[in-house]
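Peer 1: Show me how the following folds:
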Amino acid sequence: MYRLQTAVWLPLSLEEAWDFFSSPANLSKITPPEMRFEILEGAGQKTYAGQIIRYKVRPLLGIAIGWTTEITHCVDQQYFVDEQRFGPYKFWHHQHHFVEQDGGVLMTDDLHYALYGGPFAGLINALVVGSRVKEIFSYREGRLKELFGKTAVKGLR
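Peer 2: Predicted structure coming up:
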């Protein structure tokens, strides 16, 4: 099991931040373009518990992979959790939290994931996946800065 935690301060109201992040269609706006992220189903509504979202992504070498997630928990303007049901990870549990802070919103992500590969999973994560996941979150922070102005990264672990 691997973990990545990030926190980004956004110069937005809680309502504005929630409106942006709780709309699955906006995920493509903050995903690296080379991943050619496509939502196939489930993007027409704001995030809610039980929501199923199907995607097509190209995380490595342009190879298309289907990915299905479920929003398992959602409390309006506080947090939501997406979990992979089918896709490239053996396990994926991603928490998104929103807290008003310093005239804006502190958005934190807490991601736990596991890989296929048995005894080679650690090597695969060390050589490829771990750094790619960090790159995706770093790209997202840069895009948020472009979209909303000044942001502050509170940490990437």
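Peer 1: pLDDT weak spots in the protein?
Peer 2: The model of the chain has pLDDT under 70 over residues 151-157.
Peer 1: run the last query once more with 50
Peer 2: Along the chain, the model assigns pLDDT under 50 to residues 156-157.
Peer 1: Helices of that one, start to end?
Peer 2: 14-21, 121-124, 130-148 (DSSP state H).
Peer 1: out of those, deepest packed?
Peer 2: helix 14-21 (a mean of 18; mean count of other Cβ atoms under 10 Å). Glycine gets a C-beta too; all of them are placed from N, C-alpha and C.
Peer 1: Return the list of helices and strands in contact with it.
Peer 2: Helices and strands touching helix 14-21, by 3 or more Cβ pairs under 8 Å, 6 or more residues apart in numbering; DSSP states H and E, are strand 91-101, strand 104-114.
Peer 1: Can I get those in TSV including distance to residue 62 and mean neighbour count?
Peer 2: Converted to TSV, these look like this (distance: least, Cβ to Cβ, whole Å; neighbours: other Cβ atoms under 10 Å):
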stretch	distance to residue 62	mean neighbour count
strand 91-101	21	17
strand 104-114	21	19
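Peer 1: can you put those strands in CSV and add distance to residue 122?
Peer 2: Supplementary listing: the helices and strands packed on helix 14-21 in CSV, determined by distance: least, Cβ to Cβ, whole Å:
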stretch, distance to residue 122
strand 91-101, 15
strand 104-114, 11
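Peer 1: out of those strands, which comes closest to residue 82?
Peer 2: Closest approach to residue 82 among the helices and strands packed on helix 14-21 (Cβ to Cβ): strand 91-101, 5.0 Å.
Peer 1: Sounds good, over and out.
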